[in-house]
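**Student:** Below: sequence and its predicted model.
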Amino acid sequence: MLTAIKETASYIIEKIYETPDTAIILGTGLGKIVDHLRVDVVVNYEDIPHFPVSTVEGHEGKLISGLLGNKRVLVMQGRFHYYEGYTMQQVIFPIRVMKLLGIKTLVVSNAAGGMNPDFEIGDIMIINDHICLMPNPLLGKHDPEFGARFPDMSQTYDPVLLQKARDLSKKLHIPIREGCYVGVTGPTLETPKEYQYMRIVGGDAVGMSTVPEAIAAHQMGISIFAASVITDLGVPGKIQKLTHNDVIEAAEKTAPKLTELIIHLITDR
Ligand code: HPA
């Protein structure tokens, strides 16, 4: 695996002029950040050696290097979900590659179901902790090159970036929620009792991504900031029949606010 990661990193380094220190993974319906990018290089995932290819509708498969304001960033447009049939090693493969590219900060967005009864559809929740109800991506053979065998997870999400997001929320008048994201495999959405269970154990929102990437990034010492768009509610009395389109529609409505917050988070330094 390490050889493949090194080959992929070398390929990408050859394609992009400068290595950025910040990477962004764009989640469901949140692709609009690319409209704010001065794009320099686009590489299709299928052209990148060893890179998995995304199969979900609404998810593109492009790696983009460009400038956000005056900040160089690497953007992953399209990510790999465990429910698509990838192994966890494949899901976190791009994060491993990012480490070799010199990425220091990773910003991730996702769509999630809200279980906190104070939440509404369209809310932005910044993630301050998670509960991993998926197979742990670090299971299996350990490679010390990537960090500890038993990585500390007492503060997975960068407290400095979390504080900055709280400050920006006030400054830009973009309301945010904050809470714990429960990572599940999917692809089924939750039954009412599953939502209730996840609420009881401390979850505020639930989704099918982000946790594997956050674990891998944190193990390697990459700072992580993650935010969810609440696209549906897993709150007793508010649970509705849901399609993937509902999720995308709700995410798209909130996208401009989240995009603004994330742009400031990355460029105001
Ligand atoms: N559950 C799991 N994943 C999701 C949800 C949900 O309710 N909404 C968006 N992604």
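**Tutor:** Yes, it's here. From a predicted model like this one, the values you see are computed outputs, not experimental measurements.
**Student:** Residue 48 and residue 63 touch, don't they?
**Tutor:** Yes - Residue 48 is within contact range of residue 63, at 6.7 Å (criterion: C-beta atoms under 8 Å). For the C-beta atoms, the positions are set from N, CA and C on the backbone; glycine is no exception.
**Student:** which residues are in contact with both of these two?
**Tutor:** By C-beta atoms under 8 Å, 6 or more residues apart in numbering, residue 48 and residue 63 have these common neighbours: residue 12.
**Student:** And the average pLDDT for the helix or strand hosting residue 5 is what?
**Tutor:** According to DSSP states H and E, residue 5 maps onto helix 2-15. Mean pLDDT, computed over helix 2-15, is 92.
**Student:** and the closest residue to residue 220 other than its chain neighbours, what pLDDT?
**Tutor:** Of all residues beyond its chain neighbours, the one nearest residue 220 is residue 99 (4.5 Å), with distances taken as C-beta to C-beta, 6 or more residues apart in numbering. pLDDT recorded at residue 99 is 95.
**Student:** mind checking how far the helix or strand residue 99 falls within is from the chain centre?
**Tutor:** Assigned by DSSP H and E, residue 99 belongs to helix 88-101. Taking C-alpha atoms, centre = their mean, to the nearest Å, one finds the center of helix 88-101 at 13 Å from the center of the full chain.
**Student:** Give the other helices and strands that that helix contacts.
**Tutor:** Where contact means 3 or more C-beta pairs under 8 Å, 6 or more residues apart in numbering; DSSP states H and E, helix 88-101 is packed against helix 2-15, strand 71-77, helix 211-219.
**Student:** Of the ones you listed, which is nearest the ligand?
**Tutor:** Ranking these by proximity to the ligand (C-beta to the nearest ligand atom) places helix 211-219 first, at 11.6 Å.
**Student:** what mean pLDDT does stretch 198-209 have?
**Tutor:** On average, stretch 198-209 scores 97.
**Student:** Give me the buried stretch members for that stretch, please.
**Tutor:** Across stretch 198-209, burial judged by 16 or more other C-beta atoms under 10 Å covers 198-199, 203-209.
**Student:** again with stretch 259-269
**Tutor:** Using 16+ other C-beta under 10 Å as the burial criterion, the residues of stretch 259-269 that qualify are 259, 261-266.
**Student:** Show me those residues that map onto helices.
**Tutor:** Assigned to helices by DSSP state H, the following of the buried residues of stretch 259-269 qualify: 259, 261-266.
**Student:** List every C-alpha atom in the helix holding residue 99, with coordinates, as PDB.
**Tutor:** Below are the C-alpha coordinates for helix 88-101, written out as PDB (Å, rounded to 0.1, in the frame of the first residue of the first chain):
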ATOM      1  CA  MET A  88     -11.500   1.400   4.300                       C
ATOM      2  CA  GLN A  89      -8.000   1.400   2.900                       C
ATOM      3  CA  GLN A  90      -9.400   2.800  -0.300                       C
ATOM      4  CA  VAL A  91     -11.600   5.300   1.500                       C
ATOM      5  CA  ILE A  92      -8.600   6.800   3.300                       C
ATOM      6  CA  PHE A  93      -6.100   6.400   0.400                       C
ATOM      7  CA  PRO A  94      -6.400  10.000  -0.700                       C
ATOM      8  CA  ILE A  95      -5.800  11.200   2.900                       C
ATOM      9  CA  ARG A  96      -2.600   9.100   3.000                       C
ATOM     10  CA  VAL A  97      -1.500  10.700  -0.300                       C
ATOM     11  CA  MET A  98      -2.300  14.200   1.100                       C
ATOM     12  CA  LYS A  99       0.200  13.600   4.000                       C
ATOM     13  CA  LEU A 100       2.900  12.800   1.500                       C
ATOM     14  CA  LEU A 101       2.000  15.900  -0.500                       C
END
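**Student:** right, and the helix or strand after that helix?
**Tutor:** strand 105-114.
**Student:** Okay, the residue of the stretch 51-200 of the chain found nearest the ligand and residue 129: tell me how far apart.
**Tutor:** Of all residues in the stretch 51-200 of the chain, the one sitting closest to the ligand is residue 113 (2.1 Å; C-beta to the nearest ligand atom). Per C-beta to C-beta, to the nearest Å, residue 113 is found 17 Å from residue 129.
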